[in-house]
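Asks: Quick one, fold the following:
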Amino acid sequence: MLSITFYRPREYFSGFFNKFVTWMTAGEFCHCDLVVHTTPKDIMNVVKDIYTAAQQGDYAPEDCQRIITQIESNFFSTGFRKVVQQTDVITLSFSALWGLPLTTRVLNKFSHDSWFRIPDQEISVAEIKNINNMSKEKTLETLKFSIEQLGKGYDTSGALCSWLPWSDSNPQKSYETYFCSEFCVIALQRMGFMSDMVAKHTTPNALYQHFEKNENVYKASEETNVDESTKGDGRGDIN
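Replies: Numbers count the residues shown, from 1 in each chain. Okay, here's the model as predicted:
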């Protein structure tokens, strides 16, 4: 399953700039993340395929080392290895934060830190919108794309101009830089969603409003996204 998490200008985002952006874009939110829910086994299989391809030079030369470095720092760490061994389903959040490269972190249901917790009714800083009508194949394809983009820079000019109404005359399936909602929209457009939206001119609030208006579209279930046959045997081999 895929989700989008939306963050209000509180706690980590409580600065004046985030509050100003929230007000300027006519909503409650200043940031959003793409979230992938799947098994440790599926994650490590995708990681292995990408890592091997990068080592063999299957990506552009400028991308190979970036991808290798990001995989080693995010998925070969002791902390991630522990998560793989302790859970049947992992929730990965992909974030494009102001001025920082695209990064990822693991969310869970019990963290006292809202940045590492799957949003629920007890957390006022964030909301989560689930995309239930996403096949497992498309979920893993989105995971692959997201991992391949890790380490790419922040699209500062795009973020500053995202609220302006003009259209992007040359939309692409990937970019060298991203801001938060731009990355989320591009990832979902690759899967056939949000074809009427312009990624470079979609703010977190515009994306949230899209989900509110199209709630029934994303509630329909296409298939079980985390293969039930892998639950209980989902811990991946990370060697």
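Asks: In contact with the residue lying closest to Met197 once chain neighbours are set aside: list those residues for me.
Replies: Of all residues beyond its chain neighbours, the one nearest Met197 is Val185 (5.5 Å), with distances taken as CB to CB, 6 or more residues apart in numbering. Yep, even glycine has a C-beta here, placed from its N, CA and C like the rest. The neighbourhood of Val185, defined by CB atoms under 8 Å, 6 or more residues apart in numbering, consists of 194, 197, 199, 202, 207.
Asks: can you do 10 Å?
Replies: By CB atoms under 10 Å, 6 or more residues apart in numbering, the contact set of Val185 is 4, 32, 34, 171, 178, 193-194, 197-202, 206-207, 210.
Asks: Of all these, the one with the weakest confidence?
Replies: Among those, Pro171 has the lowest pLDDT, at 62.
Asks: what comes up buried for stretch 46-65?
Replies: The neighbour-count check on stretch 46-65 (16 or more other CB atoms under 10 Å) flags 46-48, 50-51, 54, 59, 63-64 as buried.
Asks: I'd like the mean pLDDT over that stretch, please.
Replies: Stretch 46-65 comes out at a mean pLDDT of 97.
Asks: end to end, how far does it reach?
Replies: End-to-end distance of stretch 46-65: 17 Å, with CA to CA, to the nearest Å as the criterion.
Asks: which residues are in contact with it?
Replies: Counting by CB under 10 Å, 6+ apart, 36, 38, 44, 66-72, 74-76, 80, 140-141, 143-152, 176, 236-239 sit against stretch 46-65.
Asks: Now the buried members of these.
Replies: 36, 38, 44, 66-68, 70-71, 74-75, 80, 140-141, 143-152, 236, 238.
Asks: Among those residues, which lie within helices?
Replies: 44, 66-68, 70-71, 74-75, 80, 140-141, 143-149 (DSSP state H).
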